[in-house]
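Peer 1: sequence unknown, structure follows:
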Ligand SMILES: CC(C)(COP(=O)(O)OP(=O)(O)OC[C@H]1O[C@@H](n2cnc3c(N)ncnc32)[C@H](O)[C@@H]1OP(=O)(O)O)[C@@H](O)C(=O)NCCC(=O)NCCS
């Protein structure tokens, strides 16, 4: 799916290492996703329509403690776009994020030119925070992003155990 949608992956996401779009590159990427998930930094789901792979969606840069925050990124295969798939997936991911994952806030960014993604976030109830300057280095330049947030229920944070990682890296993942 990443290979089929390579032009979009490169248009909206940071540059990938040489060989990313090969079988070996995809295997490395999957290993990274598994590793980040095991360390509690990521939740990653495939999106399926009638059992067919139609996209993926991820919570990344999960931060615990008093933040309980994550970045939301997603992609829908070109063949499945324009029929509400991303919006449904974002709503479901938010439900999981504020439910079993126990987060309090989600953020997501879209380039000003990515109107479809902005529309998805708005339809799923995200609030537009503003424009953040030069958030991601994409295709040779620092790209501004429109930042959105969704705040969950005001449940107090579960106290972070010592074994949970304290992550403070900036957000900006795109398709996970
Ligand atoms: C952005 C993306 C996930 C949307 O997926 P999707 O399943 O088509 O989204 P939905 O069908 O749920 O909603 C798309 C909305 O955008 C609107 N839209 C699409 N292209 C548009 C455009 N060029 N201008 C204005 N609105 C547009 C659609 O009409 C729809 O809104 P509506 O329901 O009010 O009519 C998909 O295009 C994609 O994967 N793009 C490449 C990767 C990407 O951009 N990921 C997000 C990075 S922030």
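Peer 2: Okay, I see it. None of the values given here were measured: they were computed from a predicted structure.
Peer 1: which residues sit against stretch 93-107?
Peer 2: 43, 45, 57, 59, 62, 67-72, 74, 124-126, 129, 147-155, 157-158, 171 (C-beta atoms under 8 Å, 6 or more residues apart in numbering). C-betas here are computed from N, CA, C, even on glycine.
Peer 1: residue 32: how many residues sit nearby?
Peer 2: 11 (other C-beta atoms under 10 Å).
Peer 1: which bits of the chain sit near the ligand?
Peer 2: For the chain, the residues in contact with the ligand (C-beta under 6 Å from any ligand atom) are 8, 12, 74-76, 81-87, 110, 114-117, 119-120, 174-175.
Peer 1: can you rerun that using 8 Å?
Peer 2: Proximity of the chain to the ligand (C-beta under 8 Å from any ligand atom) is limited to residues 5, 8-9, 11-13, 55, 73-78, 80-90, 108-111, 114-120, 123, 145, 174-175.
Peer 1: now list the buried members of those residues.
Peer 2: Neighbour counting by 16 or more other C-beta atoms under 10 Å classes 5, 8-9, 12-13, 55, 73-77, 80-81, 85-87, 89-90, 108-111, 114, 117-118, 120, 145, 174-175 among these as buried.
Peer 1: buried residues in the helix or strand hosting residue 62, which are they?
Peer 2: Here residue 62, judged by DSSP states H and E, is contained in strand 52-63. Neighbour counts over strand 52-63 (16+ other C-beta under 10 Å) mark 54-63 as buried.
Peer 1: name the helices or strands packed onto it?
Peer 2: strand 43-49, strand 69-76, helix 85-98 (3 or more C-beta pairs under 8 Å, 6 or more residues apart in numbering; DSSP states H and E).
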